[in-house]
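Peer 1: got a sequence here, can you model it:
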Amino acid sequence: LEELGQRAQKAAFELGQLGTKAKNAALLAMADSLVLNTKQIIEANKEDYDNAEKNGVKKAMLDRLLLTPDRINDMATGLRQVMDLPDPIGKIDRGWQTETGLDITQERVPLGVIGMIYEARPNVTVDAAGLCFKAGNAVILRGGKEAINSNIALSETLRQALKKVGITEDAVQLIDDVSHETAQKMMELSHYIDVLIPRGSGKFIKMVVDKAKVPIIETGAGNCHIYVDKDANLDKALQIIINAKVQRPSVCNAAEKVILHKDIANEFLPDLYDALRANSVEVRGDTLSRAIQPDIIPATKEDWSTEYDDYIIAIKIVDSLDQAVKHINKYNTKHSESIITENYTTSRKFMKQIDAAVVYTNASTRFTDGQQFGFGAEIGISTQKLHARGPMGANELTTTKYLVQGDGQIRL
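Peer 2: Numbers count the residues shown, from 1 in each chain. As a prediction, the model looks like this:
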């Protein structure tokens, strides 16, 4: 790992000198290489998928692991979108002249070496490599054991593309030892890794935060809520909830909880329950929701703070907007929350009072995504408040330095 870190630092210096044209040419080469190597990548992924299936990995997690031609093409499209984004490096945030005649500018520069440690999500390999590269950073990747063959195939494809265009392939490095001991050592490489970004379950992220000696950007688990207000359009609400829960239940921006205002609960809950069950979603709920729909499974105290990552949802009925906000802020993971209402004043109050990285009105939480936000891809969804919050694109993978131009000034 020491040698790997040294190579990454050397690569980071080289990348910091690259111009936009060279970086974009490399990103295009990486995207094209993914498409050209689709067959080999899918063969490697099939081995991972079959092993996971034999080991009893649940359906929703298998979906995270699976690569298809369409998904590989989407990853390539994401790289091309990153290529088309403005280059954040060299961007001037502000500039001024002091009373002593010093000209000061604050300029965007790369973070340096970024470590990515993540679970069985091979798309992270490509998203992280592309965004880090665009922002002039070298990246060290350490994926989960369930996706090791997929990650090797993807990283080698990207490295070959870099080599082909004359850029150091050490800009993208993968740790192929998936032991816990190696992961721990990576978390301690503070001499080489400038920042570590974990992606995975809440439990996994907490483990990394607790053990790492490298500075962390914490990407969050998603215990996401949708609140259906008394002034909601119920047809709109039903469509949004089903999309947010069912489209991809294993991702962090999927809805896990529905909060209903009591004034619409009797009318709306039976239709919502039927629609959820028609999509194979297990429905849990509080006492009030079960009084309306007795087939709902009783929710436990633990349910309200649980990210299911599965075809499960919990429902709670509240008396007011204030009660909904209080419940959400108590149990959410600061990720994504949504209100369904036609009342502008209510929506503005909800959006102001909810403590989360992303707050929606009349939209699915599934839009909390780098590609959907126009970032091309994302390094993760930050749920912390320092440095970056929400979907992190290339701009969030930079820092600043001050450039001071003088003409012989000395301080008196």
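Peer 1: wait, what's in contact with residue 353?
Peer 2: 325, 329 (Cβ atoms under 8 Å, 6 or more residues apart in numbering). All C-beta atoms are positioned from the backbone trio N, CA, C, and that covers glycine.
Peer 1: now residue 167
Peer 2: So residue 167 contacts 14-15, 18, 22, 26 (Cβ under 8 Å, 6+ apart).
Peer 1: give me that answer again for 6 Å
Peer 2: residue 26 (Cβ atoms under 6 Å, 6 or more residues apart in numbering).
Peer 1: how near is it to residue 14?
Peer 2: Distance, residue 167 to residue 14, using Cβ to Cβ, to the nearest Å: 8 Å.
Peer 1: before we move on, what about residue 307?
Peer 2: Separation of residue 307 from residue 14 (Cβ to Cβ): 40 Å.
Peer 1: quick one, what contacts the closest residue to residue 378 other than its chain neighbours?
Peer 2: Spatial nearest neighbour of residue 378, excluding adjacent residues (Cβ to Cβ, 6 or more residues apart in numbering): residue 370 at 2.5 Å. Shown in contact with residue 370 (Cβ under 6 Å, 6+ apart): 377-378, 391, 393.
Peer 1: most neighbours among those residues, which one?
Peer 2: residue 377 (28 neighbours; other Cβ atoms under 10 Å).
Peer 1: surely that one forms part of a helix?
Peer 2: No. Looking at residue 377 with DSSP: H, G, I helix; E, B strand; the rest coil, it is coil, so not inside a helix.
Peer 1: quick one: it and residue 78 touch, right?
Peer 2: Yes. Between residue 377 and residue 78 there is a contact under Cβ atoms under 6 Å: 4.1 Å.
Peer 1: quick revisit: using the three-state scheme, assign the residue nearest to residue 378.
Peer 2: Assignment for residue 370 (three-state DSSP): coil.
Peer 1: so what does it have for phi and psi?
Peer 2: In terms of degrees, to the nearest 10, the main-chain angles of residue 370 are phi -60, psi -40.
Peer 1: pLDDT and distance to residue 63 for the contacts of residue 370 - can I get that in JSON lines?
Peer 2: Listed next are the contacts of residue 370 as JSON lines, based on pLDDT from 0 to 100; distance: Cβ to Cβ, whole Å:
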{"residue": "377", "pLDDT": "71", "distance to residue 63": "19"}
{"residue": "378", "pLDDT": "75", "distance to residue 63": "18"}
{"residue": "391", "pLDDT": "84", "distance to residue 63": "21"}
{"residue": "393", "pLDDT": "86", "distance to residue 63": "24"}
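Peer 1: identify the farthest-apart pair in these.
Peer 2: 377 and 391 (9.4 Å; Cβ to Cβ).
Peer 1: coming back round to it: of residue 307 and residue 14, who's got more company?
Peer 2: A side-by-side neighbour count of residue 307 and residue 14, using other Cβ under 10 Å, places residue 307 first with 19 against 14.
Peer 1: using the three-state scheme, assign that one.
Peer 2: coil.
Peer 1: quick check: it vs residue 225, distance?
Peer 2: Counting by Cβ to Cβ, the gap from residue 307 to residue 225 is 11 Å.
Peer 1: one more: residue 31?
Peer 2: Residue 31 is 36 Å from residue 225, by Cβ to Cβ.
Peer 1: which one of these two has more residues nearby?
Peer 2: residue 225 (27 against 24).
Peer 1: and that one, what element?
Peer 2: strand 224-228 (DSSP states H and E).
Peer 1: residue 137 contacts residue 111, doesn't it?
Peer 2: Yes. Using Cβ under 6 Å, residue 137 is in contact with residue 111, at 5.4 Å.
Peer 1: pop the domain breakdown of the protein in here.
Peer 2: What the TED database lists as the domains of the chain is 1-219+379-405, 224-372.
Peer 1: looking at those domains, which is closest to residue 412?
Peer 2: Among these, domain 1-219+379-405 sits nearest to residue 412 (Cβ to Cβ), with 9.0 Å.
Peer 1: for that closest one, the distance to its chain's centre please.
Peer 2: Between the centre of domain 1-219+379-405 and the centre of its chain there are 12 Å (Cα atoms, centre = their mean, to the nearest Å).
Peer 1: so residue 137 and residue 111 - more neighbours on which side?
Peer 2: Remark: of residue 137 and residue 111, residue 137 carries more neighbours, 28 against 21, as counted by other Cβ under 10 Å.
Peer 1: centre of the chain to stretch 235-248, how far?
Peer 2: 20 Å.
Peer 1: in that stretch, what's buried?
Peer 2: Residues 237-238, 240-246 are the ones in stretch 235-248 that count as buried (16 or more other Cβ atoms under 10 Å).
Peer 1: how near is residue 220 to residue 390?
Peer 2: Counting by Cβ to Cβ - residue 220 and residue 390 are separated by 10 Å.
Peer 1: kindly report the same for residue 288.
Peer 2: Relative to residue 390, and taking Cβ to Cβ, residue 288 is found at 33 Å.
Peer 1: more crowded one of the two?
Peer 2: Remark: of residue 288 and residue 390, residue 390 carries more neighbours, 21 against 16, as counted by other Cβ under 10 Å.
Peer 1: so the more buried one makes contact with residue 360?
Peer 2: No. Judged on Cβ under 6 Å, residue 390 makes no contact with residue 360 at a distance of 11.9 Å.
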